[in-house]
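>>> missing the sequence, but the structure's below:
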């Protein structure tokens, strides 16, 4: 396997501060990392391995190693973003040993064409897209960002500047960039499916309801964790997690055991999952629009000790609760947990998901 590697030095600040800030963020979200010496860390980000350490002069030395050029580009982008956040007006200088080759668009960007649309039950819209060069999107990440241009405007796609960083369109050309799951992806055929939960609110739902084959959009990615590995798994979420849970289960080894606990509204209970594993799928129907997912999960206390991995996706506050529950009451190691916030409850009324 050929690795794509890049090195960088950060000057203009004490590098230990950068390391400490990243450690703080990783620990606050229960992400796994390893210490390397007194002032260094190794972090498997899911799309590549990031190493940071500080020399005696306080310079932060950074290395990024990824399987694909697109993932390396995304990891570099994440480092640039974090450094800009830390700068707070200071003159920080991040110098890479090698800049990406001159590109018109980022290597993790594709234009895609909608070729088919169908309704899945009462609450999901399945969209099939065609695109070239999807190999990188079929590994290391279940998720991607859909890049929706403004209505009635010719799209302006992201470009790459002379520093090798992404320039995103702004103002009237700004893109709407929601994250979704690859429900199915076939690089050989150049197609993928995405299931959009049609909850009746938001720009993406409105677009999906009106979308017609032939429309051209953009995507970027992949990201957001991969299919968990282990002999026994615990998966949990609400209907927004159904496409991800379905894809995970449908790609498990037939011998994999465990539970998939899913809470949905009554109209989402028919969402089909082809289960060839030994994972038991347990569905609960939400009553009166009020989630009982926290109580459902805690009622299973203690979870069997032989679970190799725990996975959750759903509403933000519930995700925060579940992250702490897996860590503090179930004693899962951070490397064996994935918890994601897919949406945030608002004050909108008469909807089960806002």
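Right, received. Where do you want to start? These figures come from a predicted structure and were not determined experimentally.
>>> In contact with residue 246, which residues?
By Cβ atoms under 8 Å, 6 or more residues apart in numbering, residue 246 lies in contact with 183, 271, 272, 273, 274. From N, CA and C alone the C-beta is placed, and that goes for glycine too.
>>> Return the members of the residues you listed classed as buried.
183, 271, 273 (16 or more other Cβ atoms under 10 Å).
>>> Mind jotting down where the helices sit in the stretch 51-200 of the chain?
Secondary structure of the stretch 51-200 of the chain (DSSP state H, counting those that start in this stretch): helices at 69-87.
>>> so where is it shaky, pLDDT-wise?
87-90, 99-102 (pLDDT under 70).
>>> thinking again about what came up before, which of the buried ones among the contacts of residue 246 sits closest to residue 245?
residue 273 (7.2 Å; Cβ to Cβ).
>>> Return the residues in contact with the residue nearest the centre of the chain.
Geometric centre of the chain, nearest residue: residue 224, 2.2 Å, by Cα atoms, centre = their mean. Contact analysis of residue 224 by Cβ under 8 Å, 6+ apart lists 46, 141, 142, 143, 179, 181, 340.
>>> Can you report how many residues lie near the first one?
Translated: residue 46. 18 (other Cβ atoms under 10 Å).
>>> Check what pLDDT it gets.
The model reports residue 46 with a pLDDT of 85.
>>> Name the SS class of the closest residue to it other than its chain neighbours, please.
Nearest non-adjacent residue to residue 46, counting by Cβ to Cβ, 6 or more residues apart in numbering: residue 225, 5.7 Å away. Three-state assignment for residue 225 (DSSP: H, G, I helix; E, B strand; the rest coil): coil.
>>> Can you tell me the closest non-neighbouring residue to residue 95?
residue 9 (5.4 Å).
>>> C-terminal to the helix or strand hosting that neighbour, what's the next element?
Here residue 9 is covered by strand 4-11, with elements defined by DSSP states H and E. Once strand 4-11 ends, the next helix or strand along the chain (criterion: DSSP H and E) is helix 15-28.
>>> just checking, what packs against the following helix or strand past that following helix?
Sequence-wise, the next helix or strand downstream of helix 15-28 (DSSP H and E) is strand 34-35. Counting contacts by 3 or more Cβ pairs under 8 Å, 6 or more residues apart in numbering; DSSP states H and E, strand 34-35 packs against strand 40-44.
>>> Can you pull out the residues in contact with the strand it packs on?
Strand 40-44 has contacts (Cβ under 8 Å, 6+ apart) with 19, 22-23, 26, 31-36, 49-54.
>>> Same check on stretch 140-153?
Applying Cβ under 8 Å, 6+ apart, the set of residues contacting stretch 140-153 is 46-47, 67-68, 71, 109, 137, 155-158, 172-182, 194, 203-204, 207, 217-227, 244, 247-248.
>>> which of the residues in that stretch are buried?
Neighbour counts over stretch 140-153 (16+ other Cβ under 10 Å) mark 140, 141, 142, 143, 144, 145, 146, 147, 148, 149, 150 as buried.
>>> who does the fifth one bridge with?
Beta-bridge pairing of residue 144, defined through DSSP bridges, involves residue 180.
>>> Please report how far it lies from residue 321.
Relative to residue 321, residue 144 is positioned 27 Å away (Cβ to Cβ, to the nearest Å).
>>> ditto for the last one
With distances taken as Cβ to Cβ, residue 150 is found 37 Å from residue 321.
>>> next one: the second one
Taken as Cβ to Cβ, the spacing of residue 141 relative to residue 321 amounts to 25 Å.
>>> Then the third one?
For residue 142, the distance to residue 321 equals 22 Å [Cβ to Cβ].
>>> Contact partners for residue 287?
When contacts are counted by Cβ under 8 Å, 6+ apart, residue 287 touches no other residue.
>>> Dig out what it forms beta bridges with.
residue 290.
>>> what domains does the record give for the protein?
Split into domains by automatic domain parsing, the chain comes to 4-96, 109-223, 232-343.
>>> okay if I get these as TSV plus distance to residue 103?
As requested, the domains of the chain are exported to TSV (distance: least, Cβ to Cβ, whole Å):
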stretch	distance to residue 103
domain 4-96	9
domain 109-223	4
domain 232-343	29
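>>> Relative to the whole chain's centre, how far out is stretch 331-343?
12 Å (Cα atoms, centre = their mean, to the nearest Å).
>>> ditto for stretch 177-195
13 Å.
>>> What are the buried residues along that stretch?
180, 181, 182, 183, 184, 185, 187, 191, 192, 193, 194, 195.
>>> Skipping its backbone neighbours, what lies nearest residue 261 in space?
residue 236 (4.5 Å).
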